[in-house]
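Q: Here's my sequence, what's the structure:
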Amino acid sequence: MDDALQAGLLDPAAILAVHAVIAACDAFTIRHLGKQSASGNHFDVTDLITRVKNVQGLAEAARHPRRLLQEKGSIEYSDRYPRREEAERLAEHARRFVGFVEKNLE
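A: You can find the predicted model right below:
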């Protein structure tokens with residue numbers, strides 16, 4: 001994602017941000033609940049995340065996947081390419097959530 005941003009490949013960077021967050025959601029819920037979302041609707045993973053108990057900062061962290069997933073369809077299935085600011089903002093959401101998950105996998 002960051003390499004794509006550096007190279008000016010904004011569409012791939014945004015797509016990689018979305019997929020990084022989806023993978024991080026799976027890692028988080030598998031670690032804490034023993035399962036991952038099997039739904040075809042990616043928003044269901046945000047509901048699954050909120051079932052995790054006793055993880056400080058979860059409510060705030062959960063906004064990052066929601067934000068990225070709100071834009072997933074536009075990013076992956078439209079003919080519109082993201083502007084640099086959009087791609088950087090999405091990448092920042094991904095970085096923050098992946099960082100949160102890394103801290104809470106122990």
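Q: which residues does the residue lying closest to Asp2 once chain neighbours are set aside contact?
A: Leaving out its chain neighbours, the residue that sits closest to Asp2 by C-beta to C-beta, 6 or more residues apart in numbering is Ala91, at 6.9 Å. (Glycine included, C-beta is placed from N, CA and C.) The contact partners of Ala91, by C-beta atoms under 8 Å, 6 or more residues apart in numbering, come to 1-2, 5, 13-14, 17.
Q: for His93, same thing?
A: By C-beta under 8 Å, 6+ apart, the neighbours of His93 are 17, 21, 64-65, 67-68.
Q: Give me the distance between it and Val18.
A: 9 Å (C-beta to C-beta, to the nearest Å).
Q: shared neighbours, these two?
A: What both His93 and Val18 touch, as defined by C-beta under 8 Å, 6+ apart, is the set Leu68.
Q: re the thing from before, secondary structure element for the residue nearest to Asp2, which one?
A: helix 84-103 (DSSP states H and E).
Q: From Lys72, how far out is the residue nearest the centre of the chain?
A: Geometric centre of the chain, nearest residue: Val21, 2.4 Å, by C-alpha atoms, centre = their mean. Computed as C-beta to C-beta, the Val21 to Lys72 distance reads 9 Å.
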